[in-house]
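In: sequence and computational prediction follow.
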Amino acid sequence: MKINALAPETVGDAILSIREKMDAPTFLSALAVALASAFAASLLYRFFYERRGTGSQIHRAFPLLSLAVTTLFIGVQLSIPLSLGLLGSLSIIRFRTPIKEPEEVGFIMLVIASAICAATFNFAFILYLYVFALLALVAARGAALSRRLRRDGVLILTLGADEAAAKHDAIQSLLDDEFSHLTLDSASTRNGMTTLQYVFSGLRAGEATTLHAKLAGIAGFSAVNLFLDRPGGLR
């Protein structure tokens, strides 16, 4: 397959055409669309991830990031030397602050992609991008919600390490009878004490009040903690 390289005069003509069409209303329209898309990304981030314990509040930077990237790429389209110099300058930039949560990378790329679309005046692409981004976020939230609906809470048991080993089968048998679904999430031993953490579902409210007494009849637990995922989680 033969690929024809773009002739220099063709590139120059294309840049000249962009310069002639780039007036103030056109430039401002690109900025307005970029700003609107940044606020849309901010709303998506706040709705789906603001309650996560990141503490970064990265969505506050989306409007300025979108405006800066849009202006940057419009400027690159108007100058070949500027575009070549930009590649060299950006190659030495390093971000020293680590990103705390993986979804922040996705939202930053979403803002940058929409800004590039605005800078190249492909406004329809932004609409398509955000429609599919919303569908992806809803699907991810639905998967997480389905996992949470399969559990009612967490049970944490703490007792002596020797007793935990000796009474493990009896403890497991009692818990299997009390819960319709039970999974050992973690087990740790420190300073002679063993902590067992279970994820459970299917415990009725009336049985929760007698669970401590039943466990005390099997072993000498130093702590029995029952945490519910939501208020009124037991029926």
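Out: Alright, I've got the coordinates.
In: what's the neighbour count on Ile74?
Out: Per other C-beta atoms under 10 Å, the neighbour tally for Ile74 reads 21. Any C-beta I mention is one placed from the backbone N, CA and C, and that applies to glycine too.
In: ditto for Ala118
Out: Around Ala118 there are 28 other residues, counting by other C-beta under 10 Å.
In: my guess is it contacts Ile126, does it?
Out: Yes: using C-beta atoms under 8 Å, Ala118 is in contact with Ile126, at 6.6 Å.
In: quick check: neighbours shared by these two?
Out: Common neighbours of Ala118 and Ile126 (criterion: C-beta atoms under 8 Å, 6 or more residues apart in numbering): Val33, Ser37.
In: mind giving me the packing neighbours of the strand or helix carrying Ala30?
Out: According to DSSP states H and E, Ala30 maps onto helix 24-49. The helices and strands touching helix 24-49, judged by 3 or more C-beta pairs under 8 Å, 6 or more residues apart in numbering; DSSP states H and E, are helix 62-77, helix 102-119, helix 123-149.
In: go through it and flag the buried ones.
Out: Using 16 or more other C-beta atoms under 10 Å as the burial criterion, the residues of helix 24-49 that qualify are 30-31, 33-38, 40-42, 44-45, 48-49.
In: kindly report the same for stretch 179-189.
Out: Neighbour-count burial for stretch 179-189 [16+ other C-beta under 10 Å]: Phe179, Leu182.
In: give me the domain ranges for the protein.
Out: Using automatic domain parsing, the domain parsing of the chain gives 8-147, 153-228.
In: give me the distance between the two termini of the shortest one.
Out: This stretch, domain 153-228, spans 4 Å end to end (C-alpha to C-alpha, to the nearest Å).
In: now that domain: mean pLDDT?
Out: Average pLDDT, domain 153-228: 82.
In: ditto for the longest one
Out: Regarding domain 8-147, the rounded mean pLDDT is 77.
In: same list (the helices and strands packed on helix 24-49) but as CSV, adding distance to Leu174.
Out: Shown next, in CSV, are the helices and strands packed on helix 24-49 (distance: least, C-beta to C-beta, whole Å):
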stretch, distance to Leu174
helix 62-77, 52
helix 102-119, 39
helix 123-149, 25
